[in-house]
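In: Give me a model of this one.
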Amino acid sequence: MATIVDVARLAGVSTATVSRVFNGQSVSPARSEAVRRAADELGFVPNRTARSLRRRHSEMIALVFPDVENPYFTEIARGVEDVARSAGYSVVLCNTDADHEKEAEYLRVAASTHMAGVILAAADDASRPVVADGGPAIVAIDRAFPAGGVDEIVMDNREAGRLAAASIAGADPIVCLTGPASVGTARERAEGASEAGAVEVVHASFGVEGGRRQALELLARPERPGGIVAANNLLGVGVLQALASAGLTTRDVPVAVVGALPFTTLHPQAVPVVRLPSRRMGELAAEMLLRRVAGDGSAPERVVLHGVLQPAVDAV
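Out: Down below sits the predicted model:
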């Protein structure tokens, strides 16, 4: 069985450097890559149990998301995993279905199993996660942390809503189709859309079916909307499905979407989209969390990321 000495010899570094790499401490990228390549070649597996006992926590990070099937959260998870793995941590993905009891249970499990930390997208404004002394570090993402007192990385949702509505400003009237009123991101994007000309806000569940159902109701009105802002990616897919079902296209009813469309039969640039830096959000969340795990006791930090409008260039 390969040892840390074997890895150090093959990588051309000291055993201390090997130890630093697998303990998530600062090492140059070149040396870190050499150590990991040598470890893979030799089949070396660090003694995680011993390291966890020294640290008093495991090398596991929990990602607690309301909908792991949403590609937006998948991209966030990828960003987290890239950073966590480079520091020697593994990631556990937990899906709450925006259910408070499931969310609370996952947080209890993270604490009872001594996970290093949690990256949490809260179910909604009514979530009340507890930040306990001595418990796992928590970083809130996408949605502000209701209880406060933790690092937060969020999007500028009002700006995203404004950009989306402004991109179809010639349509009249514009309706904003957004998520549940109990979710801050849904309200903020609707507020931004209203500032840029949307005259009505309609709430639906954050999902393809919710978007499709509500959009069909809008299109069945005697006076249908002149344009629709979909406040997240899955709502956008639902709206486009509804248009197709009604025999309409985005020429008939312009559509703008907050968040990249994950799947659509349209040309990818047929609809204006406000692209959100979800992967970068995940990377920053992991970096923040690892600093807290390493002992950073500074005041909680709030980072706001910005979306970028990709205008439609070939509406069909």
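In: what's the spacing between Phe22 and Glu81?
Out: Relative to Glu81, Phe22 is positioned 17 Å away (Cβ to Cβ, to the nearest Å). Glycine gets a C-beta too; all of them are placed from N, C-alpha and C.
In: who's more crowded, the two?
Out: Between Phe22 and Glu81, Phe22 has the larger neighbour count (other Cβ atoms under 10 Å), namely 24 against 19.
In: wait, doesn't that one sit right on Ala87?
Out: No. Proximity of Phe22 to Ala87 does not meet the contact threshold set by Cβ atoms under 8 Å, at 9.4 Å.
In: which neighbours do these two share?
Out: Common contacts of Phe22 and Ala87 (Cβ atoms under 8 Å, 6 or more residues apart in numbering): none found.
In: Please enumerate residues in contact with stretch 182-194?
Out: 124-126, 142-144, 154-155, 157-165, 174, 176, 178-181, 198, 201, 203, 206, 229, 231-232, 258.
In: before we move on, what about stretch 8-22?
Out: Residues contacting stretch 8-22 (Cβ under 8 Å, 6+ apart): 4-5, 7, 26-27, 31-32, 34-39, 41-42, 46, 51, 88.
In: hang on, the earlier thing: inside strands: which ones of the contacts of stretch 182-194?
Out: Of the contacts of stretch 182-194, the ones assigned to strands by DSSP state E are Val154, Met155, Ile174, Cys176, Thr178, Ala198, Val201, His203, Val229, Val258.
In: Next SSE downstream of the helix or strand of the chain at the bottom of the mean pLDDT ranking?
Out: None of the helices or strands of the chain scores lower by mean pLDDT, DSSP states H and E than helix 48-55, at a mean of 46. Downstream of helix 48-55, the first helix or strand assigned by DSSP states H and E is strand 60-65.
In: pLDDT on that following strand, on average?
Out: The pLDDT scores in strand 60-65 average 94.
In: What's the local residue count around the residue nearest to Ala34 when sequence neighbours are not counted?
Out: With Cβ to Cβ, 6 or more residues apart in numbering as the criterion, Ala34 has its nearest non-adjacent residue at 4.3 Å, and that residue is Ala11. The tally of other residues near Ala11 (other Cβ under 10 Å) stands at 22.
In: Distance check, the nearest residue to Arg37 once chain neighbours are set aside against Thr3.
Out: Take Arg37 and drop its neighbours on the chain: the residue closest to it by Cβ to Cβ, 6+ apart is Ala11, 7.3 Å away. Look at Ala11 and Thr3: by Cβ to Cβ, they are 13 Å apart.
In: Next: Cys176.
Out: 61 Å.
In: what about these two, which has more around it?
Out: When neighbours are counted by other Cβ under 10 Å, Cys176 and Thr3 differ, and Cys176 comes out ahead with 31 against 12.
In: which ones are touching the more buried one?
Out: 161, 165, 189-190, 193-194, 198, 200-202, 228-229, 231.
In: Kindly indicate which of those lies nearest Asp97.
Out: Ala231 (19.4 Å; Cβ to Cβ).
In: For that closest one, list the residues it contacts.
Out: Gly161, Ala164, Cys176, Leu177, Thr178, Gly179, Thr185, Ala186, Arg189, Ala190, Ala193, Val258.
In: Please verify my assumption that the last one contacts Val274.
Out: Yes. The pair Val258 / Val274 is scored as a contact, 4.8 Å apart, by Cβ under 8 Å.
In: Quick check: neighbours shared by the two?
Out: Common neighbours of Val258 and Val274, using Cβ under 8 Å, 6+ apart, are Ala160, Ala164, Gly307.
In: confidence score at the last one?
Out: I take that to be Gly307. 97.
In: My understanding was that it contacts Ala256; is that so?
Out: No. Applying Cβ under 8 Å as the test, Gly307 and Ala256 come out as separate, 11.7 Å apart.
In: how about the strands in the stretch 1-150 of the chain?
Out: 60-65, 90-95, 117-120, 137-141 (DSSP state E, counting those that start in this stretch).
In: okay if I get these as JSON lines plus mean neighbour count?
Out: Below are the strands of the stretch 1-150 of the chain laid out as JSON lines (neighbours: other Cβ atoms under 10 Å):
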{"stretch": "strand 60-65", "mean neighbour count": "25"}
{"stretch": "strand 90-95", "mean neighbour count": "16"}
{"stretch": "strand 117-120", "mean neighbour count": "27"}
{"stretch": "strand 137-141", "mean neighbour count": "27"}
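In: got a pLDDT number for Arg31?
Out: 85.
In: Based on its surroundings, how many neighbours for it?
Out: Arg31 has 17 neighbours, counted by other Cβ under 10 Å.
In: Give me the phi and psi for Arg302.
Out: phi -120, psi 120 (degrees, to the nearest 10).
In: Might one say that Ala160 is in contact with Gly307?
Out: Yes. Contact criterion Cβ under 8 Å: Ala160 and Gly307 qualify, at 4.4 Å.
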